[in-house]
Each structure stands twice: as structure tokens, then as C-alpha cells.
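# Predicted coordinates and the sequence they were generated for:
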Amino acid sequence: MDITGIVKSRQAGRQKLEKASSKKEWKLSDSLREKIMVYAREDAAQNVYMGNKFLALRKNEVAKVAPDRAALMGKLNQNMADMEKIREADERWLHILFGEPYEAKFQSKGMGSAIHVYDENGDEVLTYTAGVGWHEKESKAETEVHGALKAAYYNAFRAARQEINAGAVEAQGGFDARA
């Protein structure tokens, strides 16, 4: 392959990673909040906290802000067969490998070697260690989405349970055993 082909190939790979990792903004919309309320009411009626529908919704929403870890792992696996090759690489080469906005640092102190991959916010999103393999770490953006969704769900679930409990008290003729 000539130099031009290498440059074009590297640029195409970088553009693909940049597109996959472009800064993603997430917002808890009114329609999403309403969907969470519906799921929370359904779960409260079944006396189940965070049922499968909500968990699937949460997973889908978090995925919207998550870095494309599979692309990052694939890129490293494709270009490096073993840790010996990684040991020979310097941080600049790793940065070129992963592309913007990711930064990778090689660690070869202590018990073994590792690669740490950071996103544009400086959050470590992946670690590769010989003998262990890949370990994914949650970014701040993912943590914030989890928190927002769980808080919205909790409030809706609590309100639904209060409605259900109030209906049960009325069905008993107004007698409240807890009073």
C-alpha cells in the first residue's frame, strides 16, 4: 500500500471513530419522563421495583451517551496482537490509533502492563490488562443519565404506590391500621 493509501485509511478510521464518539448531549425529555411514569405505575401495581421495561429503557438511554467501546477495543485488537507490541508503542501512537477525542496511556510499572483509554472529558472508559483483557468503566455522562432516569422512576413509583395505598385504605372503609 502506498503512503497515500495509508493516510486515507487512517483518516477514514479516525472519522469513523470520531463520528461514533462525538460528544453526545442527553436530556430527560417530557415524553421520556411520561414513559417512565407509565412504567413506574405498571411496576407499582405489580409490586415490582424497576421492572424489565424500565431497565431496558434505561439501558437504551445510557447507550446514547456511552462511548463506542466495541470500536475502541476492536481497533486495538486489530492493530496489536499482544502486549509485547503494546509495550513498544508510545502514547502518541496510541492517540493516533484511537483517534480524537480519545487519549490512551500505556502503563508498564508494577505487576504488569496496561492500557488506559480516556474520553474527551478525561474519564477512563476502558482498560486493557494482559491476562485479564478488557474492563469497561462508566463515564460521568453515563452515570448522570443513570441518575436522572433512576430519580425520575423513583418519584413516579413512589407516587403510584401512594395512590395504590390510598385506594386500599378507602376500600377498607377509611380504616387505617397504621394510624
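Done, it's in.

# any weak-confidence spans in the protein?
The chain contains residues with pLDDT under 70 at 1-24, 76-100, 110-111, 169, 171-179.

# Check it for its longest helix and report it.
For the chain, the helix with the greatest residue count under DSSP state H is helix 140-171.

# by contact count, what packs against that one?
Contact analysis of helix 140-171 by 3 or more Cβ pairs under 8 Å, 6 or more residues apart in numbering; DSSP states H and E lists helix 30-45, helix 52-63 as its packing neighbours. (Glycine included, C-beta is placed from N, CA and C.)

# which of those is buried the deepest?
Comparing those by mean neighbour count (mean count of other Cβ atoms under 10 Å), helix 30-45 ranks first with a mean of 17.

# could I have it exported to CSV, CA atoms only?
The C-alpha trace of helix 30-45 is given here as CSV (Å, rounded to 0.1, in the frame of the first residue of the first chain):
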residue,chain,number,x,y,z
ASP,A,30,-41.1,15.3,28.8
SER,A,31,-42.1,12.3,26.6
LEU,A,32,-39.4,10.2,28.2
ARG,A,33,-40.4,11.3,31.7
GLU,A,34,-44.0,10.3,30.8
LYS,A,35,-42.9,6.9,29.6
ILE,A,36,-41.0,6.4,32.9
MET,A,37,-44.1,7.3,34.8
VAL,A,38,-46.2,4.7,32.9
TYR,A,39,-43.6,2.0,33.6
ALA,A,40,-43.4,3.0,37.2
ARG,A,41,-47.2,2.8,37.6
GLU,A,42,-47.2,-0.6,36.0
ASP,A,43,-44.4,-1.8,38.2
ALA,A,44,-46.1,-0.4,41.3
ALA,A,45,-49.3,-2.2,40.5
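
# what comes into contact with that helix?
With contacts defined as Cβ atoms under 8 Å, 6 or more residues apart in numbering, helix 30-45 is touched by 49-51, 53-54, 57, 61, 149, 152-153, 156-157, 159-161, 164.

# Quick check: the two most widely separated of those?
Greatest spatial distance among the contacts of helix 30-45 (Cβ to Cβ): 61 and 164, at 26.4 Å.

# quick one on the thing from earlier: list the buried residues for the longest helix of the chain?
By neighbour count on 16 or more other Cβ atoms under 10 Å, the buried set for helix 140-171 is 141-142, 145-146, 148-149, 152-153, 156-157, 160-161.

# got the angle for that helix vs helix 30-45?
If you take axes from the mean of the first three to the mean of the last three Cα atoms, to 10 degrees, helix 140-171 sits at 50 degrees to helix 30-45.
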